[in-house]
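K.L.:
coords please:
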Amino acid sequence: MTGQATVFVVDDDPAVLKAITRLLQSSGHAVAPFSSPEEFLEGYDPARTGCLLLDLAMPGINGLDLQRRMLHDGGCPAIVFISGEGDVPSVAQAMKAGAVDFLAKPFDDVQLLEAVDLAIRQSNALRQAIEERRQVERCLNSLTTRERQVFEHVISGQLNKLIATDLGTVEKTVKVHRARVMQKMGAASLADLVRMAEKIGIRPPPPPPGP
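P.N.:
As a prediction, the model looks like this:
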């Protein structure tokens, strides 16, 4: 993740949009203002880190519609909703869909800046988690079929001797494959390997039932 985080602001009220933009810029934020969701969709670059400050009630595509569309497309940044017409169901719907905060107009400057800072932190953490997952997937895809089999046995905690028996090979061969797995995955320990597996949704199988 490189570059300064951008606060995307979408509000159809020119006065509000201008005031928020000035406030954020004076606080050192990079700001990209838009007067409508349609304008935002045309100019938004998912590769830019940051968050979205989004008005709820707008003609055409409203804030909740835009949130749903971005979630569907898989490129939804952390969102802080702002509205002078926020009813309880709308607030609940926005928060349930993952909004960071919901600020009722008029809000004070400190409240807005704190919400934006929180959204940027959450957005950065999510991007980092996604990149870590992609890295693990790239490493996993570099394994051969046999190495992948050994990988799955290793994260379950099996000893080399048992792995060899299960795979119909010898312990020495398993040791070689195991070393290659650790090297390709960039894992320094079994615990590292298990954590990597969990990041991509692979969990060790439960131990077999006792006699």
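K.L.:
Name the helix or strand of this protein that has the lowest mean pLDDT.
P.N.:
helix 88-96 (a mean of 86; mean pLDDT, DSSP states H and E).
K.L.:
Can you mark which positions in that one are buried?
P.N.:
Counting neighbours by 16 or more other Cβ atoms under 10 Å, one finds that the buried residues in helix 88-96 are Ser90, Val91, Ala94. Placement of C-beta: from N, CA and C, glycine included.
K.L.:
try stretch 163-177
P.N.:
So stretch 163-177, judged by 16+ other Cβ under 10 Å, has buried residues Ile163, Ala164, Val174, His177.
K.L.:
Now compare these and name the two farthest from each other.
P.N.:
The span of the buried residues of stretch 163-177, defined through Cβ to Cβ, is set by Ala164 and His177 at 9.8 Å.
K.L.:
List the contacts of Gly75.
P.N.:
Counting by Cβ atoms under 8 Å, 6 or more residues apart in numbering, Gly75 touches Pro46.
K.L.:
Tell me which residue is most central in the protein.
P.N.:
Leu126 (3.0 Å; Cα atoms, centre = their mean).
K.L.:
isn't it right next to Ala78, touching?
P.N.:
Yes. Leu126 is within contact range of Ala78, at 7.3 Å (criterion: Cβ atoms under 8 Å).
K.L.:
Output the contacting helices and strands for the longest helix anywhere in the chain.
P.N.:
Longest helix of the chain, by residue count under DSSP state H: helix 109-141. Judged by 3 or more Cβ pairs under 8 Å, 6 or more residues apart in numbering; DSSP states H and E, helix 109-141 is in contact with helix 14-26, strand 50-55, strand 78-83, strand 101-104, helix 171-185, helix 190-199.
K.L.:
Just name the most buried of those.
P.N.:
Stretch with highest mean neighbour count among the helices and strands packed on helix 109-141: strand 50-55 (a mean of 26; mean count of other Cβ atoms under 10 Å).
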